[in-house]
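Peer 1: the following comprises the amino acid sequence and a computationally predicted model.
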Amino acid sequence: GDNDTRGVDQTLYRTEDGRLIVYTEEWTRWQGETSTYTLHEATEADLRPGGDLEMLGYECGFGRPLTLDEALG
């Protein structure tokens, strides 16, 4: 079900020199737990199907139609 006490939000940025930067906020509303915030560089391969950031890439328009094997895998 829905959980509004913990979550992860990611934002993708493209720098002036063309690099892709992901800002990640792992947030919590639990007492005694601390939210964390990170920045890291990504590649277009990370954002494509099968990449570590596939869902973020999909949301940001980096997706492509899947092959039949990818869709069934």
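Peer 2: Noted; the coordinates are in hand. None of these values were measured; they are calculated from a predicted model.

Peer 1: residue contacts, the closest residue to residue 27 other than its chain neighbours?
Peer 2: Nearest residue to residue 27, sequence neighbours excluded (CB to CB, 6 or more residues apart in numbering): residue 35, at 4.4 Å. (Glycine included, C-beta is placed from N, CA and C.) Contact partners of residue 35, counting by CB atoms under 8 Å, 6 or more residues apart in numbering, are 25, 26, 27, 28.

Peer 1: just the buried positions in the helix or strand containing the first one, please.
Peer 2: Using DSSP states H and E, residue 25 sits within strand 20-28. When burial is assessed from 16 or more other CB atoms under 10 Å, strand 20-28 yields the following buried residues: 20, 22.

Peer 1: any low-confidence regions in this protein?
Peer 2: Within the chain, the segments meeting pLDDT under 70 span 1-3.

Peer 1: the residue nearest to the spatial centre of the chain: what secondary structure?
Peer 2: Note on the chain: the residue nearest the mean C-alpha position is residue 56, at 3.7 Å, using CA atoms, centre = their mean. Under the three-state scheme (DSSP: H, G, I helix; E, B strand; the rest coil), residue 56 adopts helix.

Peer 1: what of residue 12?
Peer 2: strand.

Peer 1: ok, it to residue 34 distance?
Peer 2: 24 Å (CB to CB, to the nearest Å).

Peer 1: thank you kindly, that will do.
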